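Asks: Predicted model follows, preceded by the sequence.
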Amino acid sequence: MIRILALIAFVLPATLQAQDAEPHMTLPRMTEIVLALDPDAQVSGAGFSFFIDDIPVLIFTDVGANRMRAMVPIRSAETMTPEEMQRVMQANFDSALDARYAVAQGQLWGVFLHPFRELEREQFISGVAQTVNVAKTYGSLYSSGAGQFGGGDSGNLQRDLIERLLEQGQEI
């Protein structure tokens with residue numbers, strides 16, 4: 001009897017959580033979310049293009065492979081200096097969070113990748129927002145806007161800027 005009660009206590013919370021979980025992502029559901037973000041969004045098969053704060057966002061899905069990718073173009077990667085490339089790699093470690101900087105076809109992109117079916121509405125919206133933020137903050141904070149993961153270089157680099165500007169303002 002005690003074993004059965006322990007099993008019920010273990011399984012019951014998981015069952016209740018499963019009932020509260022969102023339904024799996026589908027293309028019609030993603031379309032509905034994208035159109036809520038930008039009513040002028042273009043839908044083309046399993047892809048989307050739209051704007052957030054005047055920043056173009058591209059989304060590609062592959063339902064069969066259970067993948068999706070949100071992408072924001074940032075700049076040409078071909079003219080990036082080694083220091084700029086290092087800085088985006090540092091940001092990928094601690095301040096880009098769910099978004100990432102990536103290079104493809106000579107272009108620097110902000111990207112968010114996720115399994116398609118398991119993607120929840122808030123995760124999707126947050127991932128798109130973080131991707132737009134890494135594009136907006138490229139060249140300054142290199143941040144997704146969702147905080148920082150400790151142990152990286154971004155916090156110190158950002159504090160260095162604050163200290164430098166405070167020193168410059170000491171004479172005022």
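Replies: Noted; the coordinates are in hand. Numbering: from 1, shown residues only.
Asks: going forward, measure contacts and count neighbours with C-alpha atoms only.
Replies: Fine.
Asks: residues near V134, how many?
Replies: V134 has 30 neighbouring residues, counting by other C-alpha atoms under 10 Å.
Asks: Report all helices and strands that the helix or strand where V134 lies contacts.
Replies: Per DSSP states H and E, V134 falls inside helix 121-136. Using 3 or more C-alpha pairs under 8 Å, 6 or more residues apart in numbering; DSSP states H and E as the contact test, the elements touching helix 121-136 are strand 55-62, strand 67-76, strand 100-104, strand 107-115.
Asks: got the buried residues for the next helix or strand along the chain from the longest one?
Replies: Taking DSSP H and E as the definition, the helix or strand that follows strand 67-76 towards the C-terminus is helix 82-94. Applying a neighbour-count criterion of 16 or more other C-alpha atoms under 10 Å, the buried positions in helix 82-94 are R87, V88, M89, Q90, A91, N92, F93, D94.
Asks: swap in stretch 28-45?
Replies: Quick answer for stretch 28-45 (16+ other C-alpha under 10 Å): M30, T31, I33, V34, L35, A41, Q42.
Asks: mind checking how far the helix holding V134 is from the chain centre?
Replies: Centre-to-centre, helix 121-136 and its host chain are 4 Å apart (C-alpha atoms, centre = their mean, to the nearest Å).
Asks: Which residues belonging to that helix are considered buried?
Replies: Residues of helix 121-136 classed as buried by neighbour count (16+ other C-alpha under 10 Å): 121, 124, 126-136.
Asks: what residue ranges in this protein score low on pLDDT?
Replies: 1-20, 146-172 (pLDDT under 70).
Asks: try 80
Replies: Where the chain drops to pLDDT under 80, the residues are 1-22, 144-172.
Asks: What is the nearest of the buried residues of helix 121-136 to S49?
Replies: Closest approach between those and S49, by C-alpha to C-alpha: V128, at 11.8 Å.
Asks: roughly how far apart are that closest one and M85?
Replies: 22 Å (C-alpha to C-alpha, to the nearest Å).
Asks: One more: N92?
Replies: Applying C-alpha to C-alpha, the value for N92 to M85 is 11 Å.
Asks: Turn the buried residues of helix 121-136 into TSV, columns for distance to I52.
Replies: TSV is the format used below for those (distance: C-alpha to C-alpha, whole Å):
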residue	distance to I52
R121	17
F124	14
S126	12
G127	12
V128	9
A129	8
Q130	11
T131	10
V132	7
N133	10
V134	13
A135	11
K136	11
